[in-house]
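Enquirer: I would like the atomic coordinates for the input below:
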Amino acid sequence: MLEIYIVYRLCTSLGTKLRAKGRNPLGLQFLLVFGWLGCEFLGGVVGYVVGLIATGNDGAATLFGLVGAVCGVIAASVTVFQIAKALPSTYQPDEYDRDDAYGPGWRERDRERLRRADDGYDRDRHDDGIRDHPDERPRRRSDDRAQE
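Expert: Sure, this is the predicted structure:
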């Protein structure tokens with residue numbers, strides 16, 4: 001049961017990373033699941049055989065098989081995530097996606113809106129509709145009717 005949950009979480013994480021790159025995650029998610037199962041089985045068999053040859057004891061060989069299965073699972077997961085990491089993004093940046101001090105997408109006019117009320121900005125000359133203090137907001141009319 002724990003193994004199913006771990007595979008689910010890894011597939012979710014892989015899908016999030018690939019969607020952020022603009023790619024369809026389904027193929028690599030299948031590769032993760034089948035690679036997980038295949039490498040777990042292969043690692044378990046190889047570990048069991050190595051343990052049987054090295055120790056000659058069936059109990060110790062089973063322990064080697066479990067360690068081999070876990071190593072196979074880790075190898076499969078790391079391989080699929082490295083493939084996903086190496087894929088280029090299909091996202092095409094435009095003119096508003098330049099990186100600057102405020103992060104991608106901030107234009108010069110947006111930076112002016114971030115200024116505070118006490119920074120010397122002449123707000124009487126230009127009202128952009130953004131007010132810094134809650135006292136400057138116009139009050140809503142209250143509803144004096146009785147509510148039932």
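Enquirer: Could you export stretch 21-28 as CSV, CA atoms only?
Expert: C-alpha atoms of stretch 21-28 as CSV (Å, rounded to 0.1, in the frame of the first residue of the first chain):
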residue,chain,number,x,y,z
LYS,A,21,7.6,22.9,-19.2
GLY,A,22,4.5,22.7,-21.5
ARG,A,23,4.7,19.0,-22.1
ASN,A,24,2.3,16.1,-21.8
PRO,A,25,3.4,14.0,-18.8
LEU,A,26,1.5,10.8,-19.6
GLY,A,27,4.3,8.9,-21.4
LEU,A,28,6.9,9.5,-18.7
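Enquirer: That stretch: which residues count as buried?
Expert: 23, 25, 28 (16 or more other Cβ atoms under 10 Å). Using the backbone N, CA and C atoms, a C-beta is placed for each residue, glycine as well.
Enquirer: got it, and stretch 2-22?
Expert: Judged by neighbour count (16+ other Cβ under 10 Å), stretch 2-22 contains these buried residues: 7, 10-11, 14-15, 17-18.
Enquirer: so where's this protein uncertain?
Expert: 93-148 (pLDDT under 70).
Enquirer: Quick one: the helices in it, in order.
Expert: Ranges of helices in the chain, per DSSP state H, are 2-20, 26-55, 58-86, 108-113.
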